[in-house]
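> I would like the atomic coordinates for the input below:
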Amino acid sequence: MLKSVTAPYKSTVLTGNDGTANSGAVAMPARRPLLLAGLGAATISSSAVLVALSGASAVSTAFYRTALALPVLITLAVIEQRRYGARPLAQRLRAVVAGLFLTVDLILWAHAIAEVGAGVATVLGNLQVLFVAGIAWLVWHERPSRAVAFALPVVMVGVVLVSGLIGTPPAGQHPLAGILYGVGTSIAYAGYLLILRRSSASSPHVAGPVADATAGTAIAALAFGLVFGGLRLHPLWPAIGWLALLALLSQTAGWLLIASSLPRLPAAVSSLMLLLQPAASLALAAAILGQRPTLLQVLGAILTCGGALAASLSTTRAAAQDAEAQDPALDAAAPDSAAHGVAPETALLAVEAVADSAAERG
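As a prediction, the model looks like this:
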């Protein structure tokens, strides 16, 4: 049976070199952050299909999916603030900066969808695992685990296969252009994930950071559209309907789940977990849009997602074993955490707290 561990797992930006948590860490079962990240990735898997169904331009997609999500996210953030208090201005500004990276990510990703299809573009847009692991190691000294290091070559072989560079890609697809857009998307996505993670690492807030980042994305996309054009929808319906569904399903529900798990997982593991999203995207694109991948592309998707899952599970087992070995030390450290005002399992309870507060006022 898994015991409670101090999350994030050692060693992350929230832990010391000895693996003990600082005042920003929270105690929770080892698999729970992983479950939240997996649920979030599954929720946002329909994003590429909804973008394709809307037929909107890249800038329109980035603007409307975020602007339409803001009323719900702001409401949840206000309720959350009443329960946990206001977040420091510096944290809020970091989340807004993360939103600027998300703007670049969404615009380039929409171009990738046009070049290689919804499912494949989602795979290519998730190469952030390389950039997240590298940046977290260089900047925050989060050295990737051995399992992550072994998984990366497997994941990259899968990326080459799924892109269509090997074999004959489906008609209308442009693998090289798709890879270029995918790499650009992944660099921007890595910046978004890392900065968003840093903006909420020591806080129980979940909706607040997502709302701030979403606002930053909407403002940046609006500015880009006003300068370069591309904000108009032709026709307005049903494009606005698909984008509204995208806003509620992916931008709101999906990222609330993901934001509640990112600060409690090592950076490389949280990024690898998000690679499970492309598997569902490929299936949805084939079923709804008729964009059926080749056998080599399916094999590439299996390698990519299989490598991600294996690394994530291996890291979770290692964290549980560390917790069992260090259990007395964790018990001794508990009063210190309480003295710093850190409640157990605040990451998981953040979403529940928002729902409870809403019910109390309803």
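> show me where pLDDT drops low in the chain?
1-31, 126, 129-130, 169-172, 259, 262-263, 267-276, 308-309, 311-362 (pLDDT under 70).
> quick one, strands of the protein?
Along the chain, the stretches classed as strands by DSSP state E are 4-7, 26-29.
> can you get me a residue count around Ser47?
Ser47 is flanked by 25 other residues according to other Cβ atoms under 10 Å. Using the backbone N, CA and C atoms, a C-beta is placed for each residue, glycine as well.
> tell me the contacts of it?
Thr122, Leu246, Leu249, Ser250, Gly254, Ser281 (Cβ atoms under 8 Å, 6 or more residues apart in numbering).
> could I get the residues you listed in JSON lines, plus columns for distance to Val148?
Shown next, in JSON lines, are the contacts of Ser47 (distance: Cβ to Cβ, whole Å):
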{"residue": "Thr122", "distance to Val148": "21"}
{"residue": "Leu246", "distance to Val148": "31"}
{"residue": "Leu249", "distance to Val148": "29"}
{"residue": "Ser250", "distance to Val148": "26"}
{"residue": "Gly254", "distance to Val148": "23"}
{"residue": "Ser281", "distance to Val148": "23"}
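> which one (most neighbours) among those residues?
Within the contacts of Ser47, Thr122 tops the neighbour count with 33 neighbours, counted by other Cβ under 10 Å.
> so it sits against Ala279, correct?
No: contact criterion Cβ atoms under 8 Å: Thr122 and Ala279 do not qualify, at 9.2 Å.
> and for the two, which residues touch both?
Ser45.
> dump stretch 141-153 to PDB, restricted to CA.
Output of stretch 141-153 as PDB, limited to C-alpha atoms (Å, rounded to 0.1, in the frame of the first residue of the first chain):
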ATOM      1  CA  HIS A 141      18.700  21.700 -10.900                       C
ATOM      2  CA  GLU A 142      15.900  19.200 -11.400                       C
ATOM      3  CA  ARG A 143      18.100  16.400 -12.700                       C
ATOM      4  CA  PRO A 144      15.900  13.900 -14.700                       C
ATOM      5  CA  SER A 145      15.600  10.500 -13.300                       C
ATOM      6  CA  ARG A 146      17.100   7.400 -14.900                       C
ATOM      7  CA  ALA A 147      13.700   6.300 -16.100                       C
ATOM      8  CA  VAL A 148      13.100   9.600 -17.800                       C
ATOM      9  CA  ALA A 149      16.500   9.500 -19.500                       C
ATOM     10  CA  PHE A 150      15.800   6.000 -20.900                       C
ATOM     11  CA  ALA A 151      12.300   7.100 -22.100                       C
ATOM     12  CA  LEU A 152      13.500  10.100 -24.100                       C
ATOM     13  CA  PRO A 153      15.100   8.200 -27.000                       C
END
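> which residues touch stretch 166-185?
When contacts are defined by Cβ under 8 Å, 6+ apart, stretch 166-185 is touched by residues 104-105, 108-109, 111-112, 115-117, 120-121, 123-125, 127, 160-161, 163-165, 291-294, 296-297.
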